[in-house]
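Engineer: sequence unknown, structure follows:
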DNA sequence: GAAGAAATGTAGTGTACGCTCCAATATGTA
DNA sequence: TACATATTGGAGCGTACACTACATTTCTTC
């Protein structure tokens, strides 16, 4: 599966259709039939390329998160301000996927063990990124203190993201700046 | 419907069952059969008292959101540390309401306007509470700055609450202390 | 205690959905 | 060209689900 050119093209069509439907009808409204109709593909083709409907949805969300990564190659050059900025952009940008991500992570992750595991794992790698950035920002921190700050900062950003999704007049960026140490704020403003 | 004593009792049994199931299997996992089995009631009885399944779920949600409202007869003497402590206790306590509240606020509030409005309103009153505490903590703050800090702190607490619900080994209290200004931390430790 | 209204349980009904099966066809490789 | 493997569509399967119809029982009132 997924080794011939046409198969890869079909896969892309399916992901596009899923992405589009997620933003139009929400996570609960996406049915397999809607996806396959939209992608002009039979159910058999779908299951030739994906193990389940969930798989396609996850893939779309994963790609959306990746798309706003300030350092996709993991070169360790991103600052705290960069990371915060990327998160804010993800949440306030035009893509509706942030909403889907939170719905999945919270609405489902809270009861579905499999989803919780996925969410925690992706969260884990993000915490590491923030921890490294904290250490670069303030080398006097112990690794434990840096990680604690990373966790708190990420949680705060998630909470702020929730606020802005619930109330679109909420100024997430202004609030997010509160989270940065003062030295990083001034460099972000430059 | 719902005019005889037994009917009202049945109604309560149904709401209890719904509440319990919401916390155990989540919003999407609640089926009519589960509710009626749990409440030891037939489907006919259910529909004699409620117009639809949603009706019962919504009622439970309404009550859960109400329960999260801050104490209305607070005297305005609580410190930031007190408020943070109360929030942490609510999130890490044994009651499943926190989980239900977050699931509904996020899982539904993100798509259902009516629920979003409710969530925002109860959030609003909590922000005011935190704003006052900030002003007491640091009287040099402008009201705007105090409110911004209150919003950020509350969002952070919500995010931390989410973390602890997803991963129960997460030490929410330790992280929440990070959010307090250093003066308040020392007074909280005393 | 009679009568009417409310409550109850059960056995369905209709439907929407995720997914499988499989025969036919297209694609890549030597 | 011949062969193996991937891809395709879509009929249809199994199931889960919200909800209904209705005969029976219980409750309340006068």
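Structural biologist: Structure received. Predicted, not measured: the structure shown is a model, and the values here were computed from it. Numbering: from 1, shown residues only, chains lettered A, B, ... in the order given.
Engineer: looking at chain A, which helix or strand is least sure?
Structural biologist: Between all helices and strands in chain A, the lowest mean by mean pLDDT, DSSP states H and E belongs to helix A:182-189, at a mean of 58.
Engineer: is the residue nearest in space to the middle of chain A in a helix, a strand, or coil?
Structural biologist: In chain A, the centroid-proximal residue (CA atoms, centre = their mean) is residue A:65; its distance is 3.3 Å. Under DSSP: H, G, I helix; E, B strand; the rest coil, residue A:65 falls in the helix class.
Engineer: again with the one 4 residues further on
Structural biologist: Classification of residue A:69 by three-state DSSP places it in coil.
Engineer: list the contacts of the closest residue to it other than its chain neighbours.
Structural biologist: Closest residue to residue A:69 apart from its sequence neighbours, by CB to CB, 6 or more residues apart in numbering or on different chains: residue A:86 at 6.7 Å. Where you see a C-beta, it was placed from the backbone N, CA and C, and this is true even at glycine. By CB atoms under 8 Å, 6 or more residues apart in numbering or on different chains, residue A:86 lies in contact with A:68, A:69, A:70, A:78.
Engineer: check which helix or strand covers residue A:86.
Structural biologist: Element membership for residue A:86, per DSSP states H and E: helix A:80-92.
Engineer: separation between the residue of chain A positioned farthest from its centre and residue A:150?
Structural biologist: For chain A, the residue at maximal distance from the C-alpha centroid (CA atoms, centre = their mean) is residue A:140, at 30.3 Å. Between residue A:140 and residue A:150 the computed distance is 16 Å (CB to CB, to the nearest Å).
Engineer: domains of chain A: list them as residue ranges, please.
Structural biologist: Domain assignment for chain A by automatic domain parsing gives A:5-59, A:68-189.
Engineer: wait, which of the ones you listed is closest to DNA strand D?
Structural biologist: domain A:5-59 (2.0 Å; CB to the nearest atom of the strand).
Engineer: now the terminal residues of that closest one, how far apart.
Structural biologist: Start-to-end span of domain A:5-59 (CA to CA, to the nearest Å) is 19 Å.
Engineer: tell me the mean pLDDT over it?
Structural biologist: On average, the pLDDT along domain A:5-59 is 93.
Engineer: return the distance of it from the chain's centre.
Structural biologist: Chain-centre distance of domain A:5-59: 19 Å, with CA atoms, centre = their mean, to the nearest Å.
Engineer: okay, the domains of chain A in CSV with distance to DNA strand C next?
Structural biologist: What follows is those, written out as CSV (distance: least, CB to the nearest atom of the strand, whole Å):
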stretch, distance to DNA strand C
domain A:5-59, 3
domain A:68-189, 12
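Engineer: most tightly packed of those domains?
Structural biologist: Among the domains of chain A, domain A:68-189 has the highest mean neighbour count (mean count of other CB atoms under 10 Å in any protein chain shown), at a mean of 18.
Engineer: what about stretch A:103-118 and chain B, any contact?
Structural biologist: Yes - shown here: stretch A:103-118 in contact with chain B (CB under 8 Å from any CB of the partner chain) through A:103, A:105, A:106, A:107, A:108, A:109, A:110, A:111, A:112, A:116.
Engineer: could you dump the residues you listed to CSV with distance to residue A:37, secondary structure and pLDDT?
Structural biologist: Shown next, in CSV, are the residues of stretch A:103-118 next to chain B (distance: CB to CB, whole Å; DSSP: H, G, I helix; E, B strand; the rest coil; pLDDT from 0 to 100):
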residue, distance to residue A:37, secondary structure, pLDDT
A:103, 23, helix, 82
A:105, 28, helix, 83
A:106, 29, helix, 82
A:107, 25, helix, 77
A:108, 24, helix, 79
A:109, 29, coil, 81
A:110, 31, coil, 82
A:111, 30, coil, 80
A:112, 27, coil, 79
A:116, 31, helix, 83
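Engineer: most widely separated two among these?
Structural biologist: The most widely separated members of these are A:103 and A:116, with 14.0 Å between them, by CB to CB.
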